[in-house]
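Undergrad: would you be able to build a 3D model of this:
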Amino acid sequence: MTEVRTPSAEEILNQIWNSFHFAPNPKALNYIIDFFEKSILYFPPELEHDAEYALQKLSKKYILGIISDTGFSPGKNMSQMMEEIGVAKYFSGYSYSDETGVAKPHPLAFTTLLEKFSVKPEDALHIGDIEHTDIAGAKNIGMKAIRYDGNISSVVTHSKSYETRADIILYEWKDIVDYLEELENNN
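TA: Reported below is the predicted structural model:
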């Protein structure tokens, strides 16, 4: 099986450092690694329109968790950033790739939270923006999935096709709330 994991900032930056044949300098490299890992704290993303509204509404009805391929910033920094921008209070758990050792679409990325919440995959919904990781990973274990294509500044969004395994593609956070309310009313 192909390895499915997110390399750490240290691994990536060591690779870059070595590819340029820079002389060993652990102090300089550690400084750069620390900066990259904390960059999300220095430059946090802005919440998208209606995202906090959706989190407020959804957290009153559902257990919310985050499944994230962490990239440069480890999970502890992602959690700190969410605390600082005021959205951590809406989430009951996290599954970060640097902590699980796997990245989406690996089943463990998803089952880590499902087990924590004692929820079966068929009773869970994943909202994600990347077809081959978020949507495929959720659907492969039997979860429902919404593909969120509303971030128009995302490079990933611009390269998306309309072919999807998701149950629906939505473009606004308010639409996600409305869709889930409609599903609930029809059941």
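Undergrad: from here on, contacts and neighbour counts on C-alpha atoms
TA: Fine.
Undergrad: residue 38 contacts residue 76, doesn't it?
TA: No: using C-alpha atoms under 8 Å, residue 38 is not in contact with residue 76; the gap is 9.8 Å.
Undergrad: domain ranges for this structure?
TA: With domains defined by automatic domain parsing, the chain comprises 9-42, 51-186.
Undergrad: got JSON lines for these, with mean neighbour count and mean pLDDT too?
TA: Listed next are the domains of the chain as JSON lines, based on neighbours: other C-alpha atoms under 10 Å; pLDDT from 0 to 100:
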{"stretch": "domain 9-42", "mean neighbour count": "14", "mean pLDDT": "93"}
{"stretch": "domain 51-186", "mean neighbour count": "17", "mean pLDDT": "92"}
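Undergrad: quick test: name the residue nearest the centre of the protein.
TA: Nearest to the geometric centre of the chain sits residue 68, at 3.0 Å (C-alpha atoms, centre = their mean).
Undergrad: can you pull up the bridge partners for that residue?
TA: residue 96 (DSSP bridges).
Undergrad: is it true that it touches residue 98?
TA: No: judged on C-alpha under 8 Å, residue 68 makes no contact with residue 98 at a distance of 9.1 Å.
Undergrad: joint contacts of these two?
TA: Residues touching both residue 68 and residue 98 by C-alpha atoms under 8 Å, 6 or more residues apart in numbering: none at all.
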